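In: Got a sequence here, can you build the structure:
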Amino acid sequence: LGAIFPKHMSKDTSELAFKYAVQRLNRDTSLLPESVVDYEIEYVNRLDSFETVQKVCKLVDVGVQAVFSPTDSVLATHIHSICDALDIPDIGRSADDFSINVFPSQQLVNQAFIDVILYLNWTRFGILHEKQYGIINIQQLTRSIHAEVHLRQVSRGTFLSTLKEFKNKEIHNIVIDANSDGISILLKNILQQQMNEYKYHYLFTSFDLETFDLEDFKYNFVNITSFRLVDIGDVAVKEVLKDLVSFGHHNANVHLRKTVLLESEPALMFDSVYVFAIGLQTLDQSHTLRLSNLTCDVEIPWNGGLSLINYINSVEWKGLTGPIQFKYGQRVQFKLDLVKLKQHSIVKVGEWTPYGHLNITEPSMFFDSGSMNVTLVVITILETPYVMMHYGKNFTGNERFYGFCVDILETISHEVGFDYILDLVPDRKYGAKDPDTGEWNGMVAQLMKYKADLAVGSMTITYARESVIDFTKPFMNLGISILLKVPTSEPTRLFSFMNPLAIEIWLYVLIAYFLVSICIYIVGTLSPIEWQCIHPCDLSLIKIANQFSLSDSFWFTIGTLMQQSPDIYPRAISTRIISSIWGFFSLIIVASYTANLAAFLTTERMINPIENADDLATQTEISYGTLESGSTMTFFRDSMIETYKKMWRSMDNKKPSAFTITYEDGIKRVNQGNYAFLMESTMLDYIVQRDCNLTQIGGLLDTKGYGIATPKGSPWRDKISLAILELQEKGDIQMLYDKWWKNIDETCIRRSTSKQSKANALGLESIGGVFVVLIAGILVAVVVAFFEFWIHFRYDDKYKSVQQGIDHGTHSVNMAYIPPARCFWTEIFEELRFALWCMNKQKRPELNRVCSDCKFISDL
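Out: From the prediction side, this is the model:
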């Protein structure tokens, strides 16, 4: 056998494992009993490819049957080119035609790391990749994971700057793909940058994590994960490793540390020798392997090389690195143990195989915060959506609680580094000071008695509370506001089209109409210009008349107001002045009416009796109150503003009916009507978005904030305050607010009344009065027409003068037409029949009805 090792590592453990494997193989009578395995080793400079080629040719001249190349990919390429030309098996990291790669397939190793990243649910992470040493395929990994990946190609001189960059960008999940020497330097740089905290998670691609000094990382809760190729718990592995230590001490003068025995490279070299031996033995059983003198000078392939490589490729065996099986020279069967750093040691938390993929046996090692030593007692109070509770039997401990404040507490516990036990305050109160006894109750009392370490919830920071306990920086700002039931809509009236003008305006317009009509009649009568001759062409009949009769004056005025074109036009200057002024008046009235009509008919008007706190304080119909023993009650009790003092006196006189024990009781009373509830704006916003029957009245009465309470002098206050500021700057608290307040599945759809572009369609209830006016006008016209017909029938149609052009000599005869006596209803029926008979002429001759009963009376 021939082997190539780097010069600068003459006492490399891989070389020791190679020598030990050959010696153990010669002692093993079950493998190659009639053969003796010998080896030749050459040392090369990893940067000198010419020297490497010469050393390989030297091994070929000796007559080696296989060449074991190092893991260095640069040298492996040159070694393989010679072995491929001469059909000599090359057992190393390459996997071409005449190569066997005992190292697990890179594609499968890549998939193993992808599965771990997906399991950890990393959505943002960085990769430190050392060129020519990395074992993962960066392109395959980044294509398979949909996440924000920050890739940096590093060297030993750029580790520190890259870590600093990741720290500034708050990249806490990092994949480290480097060789052993680089990892040792990187670990020191991590300590230098103080990135050995619980929030950081490092995933190493090296299979030798247990060989590094991690003493400074064990007690800071930092997450370090990697795969292990050699299972140190296996009995056969322990036996080989113990024998290897003894061999190194006596035969090679190499003293091995216990941790070095776990390295994957020596184990792979040992397995490579045995894989070759098993393949050679299988070939011996069926064929006779003949050696031939090979040389690099003449490219004559070895006849037995192809058969030997095929038998090696079919080997199935369990070695130090687990089960071994090949496919086209690639190792496709192996087992990787997933290990993670714990406080005292590195422990196995799962395993990965090509067929079973990732199997996590200890999920608590990744997601359980119980690994932290500090456990705080946290009290809270149920308040939707800040803190809510699951009442099922399957929920115990902290799992019972959920909500906005619970999410903030969970995030802060990870940021600061503590575990907690969450429970409810016994009396279900936030905490207020009794003005008579001076005693505190609620969560404030629990903190003052040091029965709890933290108080989390919708707890307002006030001067009184701050004087007896400590508060962190506020995680939410708010104020007091008024919750009231949405006012009822103004009922739609039948004559809503009259709403644009007030009743008195309609009366004034009506009075103006009568006055202007009468004025035009009087002025037109007095003006001589308005008197005109009726028949100017008939000189025998001179008769003058005025066009502005009383009825015509009223018709002219209403026609002008309705923007119609009457058939009467004033001639005198006086009547024209009145007409112009009336036209201007009509223009303004009609324009004002039209402008307001759209708004009145398309906008839903609300009857809102309360607009602000002053309105609430001055009325007595709607009662109001607040939460008992809360900061809102304290605000009104201690306020020096007259309006708020008046409101407090009213609430205090109605005690206890004005106050509620919980927010739910207050909201229920508001829904019942005639009650306004004074509460924090954030809670009010949550309720209003989920109940469209409720609304906020006015703005904020004050400004304050919610904070996490601690006992006086607690060391946790400053740490939690810094964590809150960090969460606010990153926007995490705003995202949690949107999650619990603006959940689309829970919010109601409120109809907007401020967007005029989305006006409602007009219904019959809005403009139905117009149709009523139309129908009423038609009915009045029909009645008037009936009376006009009756009057005409009764008086005006008895005699009709008929001019006959009959000459009796020199005389003209005038006759009167006397219609026959007919029934009034018959006349109406005949007129209606004539009107409804569409084929009749539009103008009816007057003498069409002359019959035998008609008489003519001559007027001689």
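
In: And A591, how close does it get to L510?
Out: In this view, A591 and L510 are 19 Å apart by CB to CB, to the nearest Å. In this view, the C-beta of every residue, glycine as well, is placed from N, C-alpha and C.

In: Let me fix that, I meant to ask about Q193.
Out: From Q193 to L510 the distance is 89 Å (CB to CB).

In: out of those two, which sits in the busier spot?
Out: Higher neighbour count among Q193 and L510: Q193, with 15 against 10, using other CB atoms under 10 Å.

In: quick one, what contacts the more buried one?
Out: Contacts of Q193 were listed using CB atoms under 8 Å, 6 or more residues apart in numbering, and they are L160, L163, K164, K167.

In: For the third one, which non-adjacent residue is closest in space?
Out: If I follow you right, that is K164. Q193 (6.0 Å; CB to CB, 6 or more residues apart in numbering).

In: How are the helices of the stretch 601-750 of the chain distributed by residue range?
Out: Here the stretch 601-750 of the chain has its helices, by DSSP state H, counting those that start in this stretch, at 613-618, 631-638, 642-653, 663-672, 681-690, 716-730, 732-741.

In: Rebuild those as a markdown table, extending it with mean pLDDT and distance to L244.
Out: Converted to a markdown table, these look like this (pLDDT from 0 to 100; distance: least, CB to CB, whole Å):
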| stretch | mean pLDDT | distance to L244 |
| --- | --- | --- |
| helix 613-618 | 86 | 85 |
| helix 631-638 | 86 | 72 |
| helix 642-653 | 89 | 85 |
| helix 663-672 | 88 | 71 |
| helix 681-690 | 85 | 67 |
| helix 716-730 | 89 | 49 |
| helix 732-741 | 89 | 52 |
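
In: Kindly reformat these as a markdown table containing distance to N121 and mean neighbour count.
Out: Putting the helices of the stretch 601-750 of the chain into a markdown table (distance: least, CB to CB, whole Å; neighbours: other CB atoms under 10 Å) gives the following:
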| stretch | distance to N121 | mean neighbour count |
| --- | --- | --- |
| helix 613-618 | 49 | 17 |
| helix 631-638 | 39 | 20 |
| helix 642-653 | 50 | 16 |
| helix 663-672 | 35 | 17 |
| helix 681-690 | 29 | 20 |
| helix 716-730 | 18 | 17 |
| helix 732-741 | 16 | 15 |
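
In: now those helices as CSV including distance to L187?
Out: Below are these laid out as CSV (distance: least, CB to CB, whole Å):
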stretch, distance to L187
helix 613-618, 63
helix 631-638, 50
helix 642-653, 62
helix 663-672, 53
helix 681-690, 46
helix 716-730, 26
helix 732-741, 30
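
In: what's the closest of these to V416?
Out: Among those, helix 716-730 comes nearest to V416, with 4.8 Å by CB to CB.

In: Would you mind pulling up the elements that that closest one packs against?
Out: The contact analysis (3 or more CB pairs under 8 Å, 6 or more residues apart in numbering; DSSP states H and E) places helix 716-730 against helix 404-416, strand 709-710, helix 732-741.

In: In CSV, list these along with distance to K242.
Out: Listed next are the helices and strands packed on helix 716-730 as CSV, based on distance: least, CB to CB, whole Å:
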stretch, distance to K242
helix 404-416, 43
strand 709-710, 56
helix 732-741, 52
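
In: In which helix or strand does F5 reside?
Out: According to DSSP states H and E, F5 maps onto strand 2-6.

In: Beyond that strand, next helix or strand please.
Out: Strand 2-6 is succeeded, C-terminally, by helix 13-27 (DSSP H and E).

In: Of the contacts of Q193 - the most surrounded one?
Out: Result: L163 is most packed of those (other CB under 10 Å), 22 neighbours.
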